[in-house]
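>>> need a structure here:
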Amino acid sequence: MGNTLDITYSYFNHLHNYAIWTAARAAQRGFTTTKNIQAAINSTYLEKLLEGEISISDKEEFDRFHVTCCKQIMDKLKNLLRDNSYKVTYGRAAKIVNIYIKTAIVIPNPESNLSFIVHPPIDRILLSNIIKFKSFQFDTISWTQFTENDYFDVIRKQRERGYGEAIAFWKIEAYWSPSEDSE
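As a prediction, the model looks like this:
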């Protein structure tokens, strides 16, 4: 960058960049770099969703979008992390997607239809607190090792409790605490 102001830098560019950073910080511990996560996010349709070029109206459509984005992220990261590609899992990709969307869409628009159906970021803190307070039986595997089936089992169990249906999905984060040490 030179000494001139980039007048093409928009709010959406700003929000996209910040959402990349938050997703990277949430998912990268011992995994990969922000630069790699940025490349992976940029290989998806997430920015198009943020800019309103893609519209999602229901949970089934969102689930399909989620799977597509996670697979795009996994493919890109496996290519970038060749020797450590075993670390690339659906659980990690899902965390990247969910944090990006939470930052870019849910927080600025908490009452929108999309904010209602978007999955929350799944991590150890949320899972252990749900188990503790909701008799939720899914404590045998770390979120970082989730397969697509494991991940959607968690989502299905929470939908059975009304989240993402009668209750905005982001409200499940009442069971998450920033003061608890995360992975």
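>>> Find the least confident helix or strand in this structure, judged by mean pLDDT.
Within the chain, no helix or strand scores below helix 124-134, which has a mean of 76 by mean pLDDT, DSSP states H and E.
>>> next one: it to chain centre, how far?
Relative to the chain's own centre, helix 124-134 is displaced by 18 Å; criterion: Cα atoms, centre = their mean, to the nearest Å.
>>> Kindly report the same for stretch 172-183.
Centroid displacement of stretch 172-183 relative to its chain, using Cα atoms, centre = their mean, is 15 Å.
>>> from here on, count from 145
Sounds good: first residue 145 from here, last item stretch 316-327.
>>> for the strand or helix carrying residue 238, packing partners?
If you go by DSSP states H and E, residue 238 is part of helix 234-245. For helix 234-245, the packing partners by 3 or more Cβ pairs under 8 Å, 6 or more residues apart in numbering; DSSP states H and E come out as helix 155-171, helix 178-186, helix 190-194, helix 203-224, helix 292-304. C-betas here are computed from N, CA, C, even on glycine.
>>> Now render those helices as a markdown table, adding mean neighbour count.
Formatted as a markdown table, those follow (neighbours: other Cβ atoms under 10 Å):
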| stretch | mean neighbour count |
| --- | --- |
| helix 155-171 | 18 |
| helix 178-186 | 19 |
| helix 190-194 | 19 |
| helix 203-224 | 18 |
| helix 292-304 | 16 |
